[in-house]
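Undergrad: sequence first, predicted coordinates after that:
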Amino acid sequence: MPAMPVGGLVPRAVEDATGHTVGNADVVVRNARIHTGDARRPQAGALAIRNGAITTVGDDADVAPLVGPSTTVVDALGRRVVPGLNDSHLHVIRGGLNYVLELRWDGVTSLRQGLAMLREQAARTPKGQWVRVVGGWSAEQFAERRLPTPAELNEAAPDTPVFVLHLYQSAILNRAALRAAGYGAGTPNPPGGTIVRGRTGEPNGMLLAAPGALVLYSTLAKAPALAPEERKTSTRHFLRELNRFGLTSAIDAAGGFQNFPENYATVTELAREGLLPLRIAYHLFPQTAGQELDDLGRWIEAVRPGDGDAWLRLNGAGENLTWAAADFENFAEPRPELGPYEGEFEKAVRMLMEHGWGFRLHATYDETIRRDLAVFEKLAAEGLFPAGNRWLFDHAETVSRESLDRIAVLGGALSVQNRLSFQGEVFARRYGTGAAADAPPLRAMLDRGLTVAAGTDATRVSSYNPWVALHWLVSGRTVGGLALRPPQNRVDRATALAMYTTAGAALTGEQDVKGVLGPGFYGDLAVLSDDFFAVPEAEIPFIESLLTVVGGRIVHAAAEYEGMDEELPPVTPDWSPVARFGGYQASTTGPGVPGVPGASGARQAELLGEVVAESELHRRWRTARGHATGPQPSFDPCFVL
């Protein structure tokens, strides 16, 4: 691995009595501003990694003797270095299987730009394939503040099926996609969903989750899938994309349409070949209603949480244990009233706790959380809670203080996601600004000493960019700029980072080896493009990692470090949206963009271009309606010939 030239550091070999080289570091990071996450030594200037773990944390003088002929030396050039980020709720396995097929609108700032990307991709997409925009964006992030219409999709792609998913709320399809999905006047509405129709009864292209998202995901499932070898390449590129933002670990929350073991085969194969650049702890989610207990029973007999290694390990069950106990997260619809579910749910929880399995539970509303807690308290009377098994609630946007107290007594934890940075406006419209200010109650959670980890719930709702989530934790603002959470329900930057590092490690029982840059901990770190602790709050979402290290391996490198990372195979298929556009669209937008001089000025010019384009559209609209649009009389002598 090449090292950066560093004056004053002379490689030397340290030999033992037999003449063998010992003690040299594999990687040394120097000239850095290291936030260690370790209260005993919060700051440092250099560190060394050997055999995948940190051996030394100190200053340049401390690591200089460890530089040998084969040591990779990284000069951080005074940049901020942080522990590798850990997304505590990311659908990383499912996201990897589909990544190269998806046109990402993450970070796109105008619908006009998004439609232009879609139009270009439709022209590149071969017959029989779909263009799919699947999550990571919200209408509120666009200058236009609206969704695309079916007519716009038809105009952009007359013949290629187009599927655009918007949060858990809706999907927009063009006519070609409706045909490919088999939707017509006689197609019945699925349970919990609505196919919107025109006056003739034919679907008009809008699908609504009302309130369940099954209609959205079952429609998406009709699109062609990748072949096994292409899934492997797709997953490798998705994991590299996560490394781009400093992610070194993720807890996979499983989810619908993610079957075990077939959909886990790709990451398992990559782990077997030593090709995972991200540590994954995964959960198992029963997929068939009515069969949940049977599935859990089979899994319990086969494996145990913690089985695996530092790269791929089982972490438990969930985020559903029984389908009947799951509420919905579509804030455009009223909170669902769940029917009786406690009987089967209790059996599932009992089975897991008696066999040493932890679990996580999707629970958006306090009404669901209270019912779940009542089951746990019943089992606690038998000694099953707390019993050392790791368990947690996910999401918990409307959890009450009383429920938080009960969670603490039962030994639970929480994982929160920035879903309201994408859905905050619609949440506030339904439940009011007061409820939105407390969704979720971060400070109340932390004040009770609960473990509170952070994540994104990507890829079908929020973006996988962790810095968007960190911005939400710190600022309380949506991607549209609306401030929902007041200062008393926000967290400072160090706390937010801890929620993305040490707290996530605690959820997988790895708090002694992960989340801190200290001796004996994994050599997982990120050299940031901008200092998270110093940049203006509004610039936090534009931070990226310039160099990401996992277990002493350089898995992502950009700017001055370009070429120091591991080589990836080319994106396949060659018509993939990722091959043309990449993933998150942050490289040319926003202030503080890494490696783009004058990026804020470039963004200003882009915005002006968008304004001019919108002005031209307005002129055409006026012309079509007979309004005067010609040259106006000039009253300024400077314009008189």
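TA: Thanks, I have the structure now.
Undergrad: ok, the closest residue to E292 other than its chain neighbours - contacts?
TA: Excluding the flanking residues, the one nearest E292 by CB to CB, 6 or more residues apart in numbering is P286, at 3.9 Å. C-beta coordinates here come from the backbone N, C-alpha and C atoms, glycine included. Residues near P286 by CB atoms under 8 Å, 6 or more residues apart in numbering: E292, D295, L296, A317, N320, L321, T322, W323.
Undergrad: what strand or helix carries V578?
TA: Assigned by DSSP states H and E, V578 falls within helix 577-581.
Undergrad: oh, that last question was meant for A454, not what I typed.
TA: Short version, using DSSP H and E: A454 is in strand 452-455.
Undergrad: the helix or strand hosting F422 - contacts with which helices or strands?
TA: Here F422, judged by DSSP H and E, is contained in helix 420-431. When contacts are defined as 3 or more CB pairs under 8 Å, 6 or more residues apart in numbering; DSSP states H and E, helix 420-431 sits against helix 433-436, helix 466-475.
Undergrad: got the buried residues for the following helix or strand past the shortest one?
TA: Right, helix 433-436. Per DSSP H and E, the first helix or strand lying C-terminal to helix 433-436 is helix 442-447. Using 16 or more other CB atoms under 10 Å as the test for burial, helix 442-447 gives L442, R443, A444, M445, L446.
Undergrad: next, format the helices and strands packed on helix 420-431 as TSV and append distance to P541, mean pLDDT and mean neighbour count.
TA: TSV is the format used below for the helices and strands packed on helix 420-431 (distance: least, CB to CB, whole Å; pLDDT from 0 to 100; neighbours: other CB atoms under 10 Å):
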stretch	distance to P541	mean pLDDT	mean neighbour count
helix 433-436	20	96	14
helix 466-475	5	98	25
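Undergrad: now the ones you listed in CSV, with distance to E539?
TA: Formatted as CSV, those follow (distance: least, CB to CB, whole Å):
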stretch, distance to E539
helix 433-436, 24
helix 466-475, 9
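Undergrad: nearest to E144, out of these?
TA: Between E144 and these, the tightest spacing by CB to CB is seen for helix 466-475, at 19.9 Å.
Undergrad: return the distance of stretch 91-106 from the chain's centre.
TA: 10 Å (CA atoms, centre = their mean, to the nearest Å).
Undergrad: try stretch 576-587
TA: So, by CA atoms, centre = their mean, the centroid of stretch 576-587 is 16 Å from its chain's centroid.
Undergrad: can you pull the buried residues of that stretch?
TA: S576, P577, V578, F581, G583, Y584, Q585, A586, S587.
Undergrad: what sits closest to the fourth one if chain neighbours are left out?
TA: Setting aside the residues directly before and after it, F581 is nearest to M117 in space (CB to CB, 6+ apart), at 6.0 Å.
Undergrad: can you give me the buried ones in the one helix or strand the one you found maps to?
TA: Following DSSP H and E, the helix or strand that holds M117 is helix 111-124. By 16+ other CB under 10 Å, the buried positions in helix 111-124 come out as L111, R112, Q113, G114, L115, M117, L118, R119, E120, Q121, A122.
Undergrad: export that helix to CSV, keeping only CA atoms.
TA: Extracted in CSV, the C-alpha atoms of helix 111-124 (Å, rounded to 0.1, in the frame of the first residue of the first chain):
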residue,chain,number,x,y,z
LEU,A,111,-37.2,18.4,-9.2
ARG,A,112,-36.1,19.8,-12.5
GLN,A,113,-32.7,18.3,-11.9
GLY,A,114,-34.2,15.0,-10.8
LEU,A,115,-36.4,14.8,-13.9
ALA,A,116,-33.4,15.6,-16.1
MET,A,117,-31.5,12.7,-14.6
LEU,A,118,-34.5,10.5,-15.0
ARG,A,119,-35.0,11.4,-18.7
GLU,A,120,-31.3,10.7,-19.4
GLN,A,121,-31.4,7.4,-17.5
ALA,A,122,-34.5,6.3,-19.4
ALA,A,123,-32.7,6.8,-22.7
ARG,A,124,-29.9,4.5,-21.4
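Undergrad: pLDDT weak spots in the chain?
TA: Counting by pLDDT under 70, the chain contains low-confidence residues at 1-22, 587-641.
Undergrad: skipping adjacent residues, who's closest to the spatially most central residue of it in space?
TA: Centrality entry for the chain: nearest residue to the mean C-alpha point is Y464, 2.5 Å, by CA atoms, centre = their mean. Ranked by CB to CB, 6+ apart and with sequence neighbours excluded, the top spatial neighbour of Y464 is A458, at 3.7 Å.
Undergrad: number of residues surrounding that neighbour?
TA: 26 (other CB atoms under 10 Å).
Undergrad: that older thread, now the buried residues of helix 111-124 in CSV, with distance to S88?
TA: Shown next, in CSV, are the buried residues of helix 111-124 (distance: CB to CB, whole Å):
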residue, distance to S88
L111, 31
R112, 35
Q113, 31
G114, 29
L115, 34
M117, 31
L118, 32
R119, 37
E120, 36
Q121, 32
A122, 36
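Undergrad: of those residues, which is the nearest to F385?
TA: For the buried residues of helix 111-124, the nearest to F385 is G114 (47.1 Å; CB to CB).
Undergrad: ok, now how distant is the closest residue in space to H471 that isn't next to it in sequence from A496?
TA: Nearest residue to H471 in three dimensions, chain neighbours excluded: I540, at 4.1 Å (CB to CB, 6+ apart). Distance check for I540 against A496: by CB to CB, to the nearest Å, it reads 9 Å.
Undergrad: just E544 next, same as before
TA: E544 is 17 Å from A496, by CB to CB.
Undergrad: likewise P286?
TA: 33 Å.
Undergrad: again with L208
TA: 34 Å.
Undergrad: between the buried residues of helix 111-124, which sits nearest A436?
TA: Scanning the buried residues of helix 111-124 for proximity to A436, where the rule is CB to CB, the winner is L111, at 24.5 Å.
Undergrad: just checking, that closest one touches Q141?
TA: No: with contact defined as CB atoms under 8 Å, L111 does not count as touching Q141 (9.5 Å).
Undergrad: with adjacent residues omitted, what lies nearest to A180?
TA: P161 (4.4 Å).
Undergrad: isn't that neighbour up against N174?
TA: Yes: applying CB under 8 Å, one finds P161 in contact with N174, separated by 6.9 Å.
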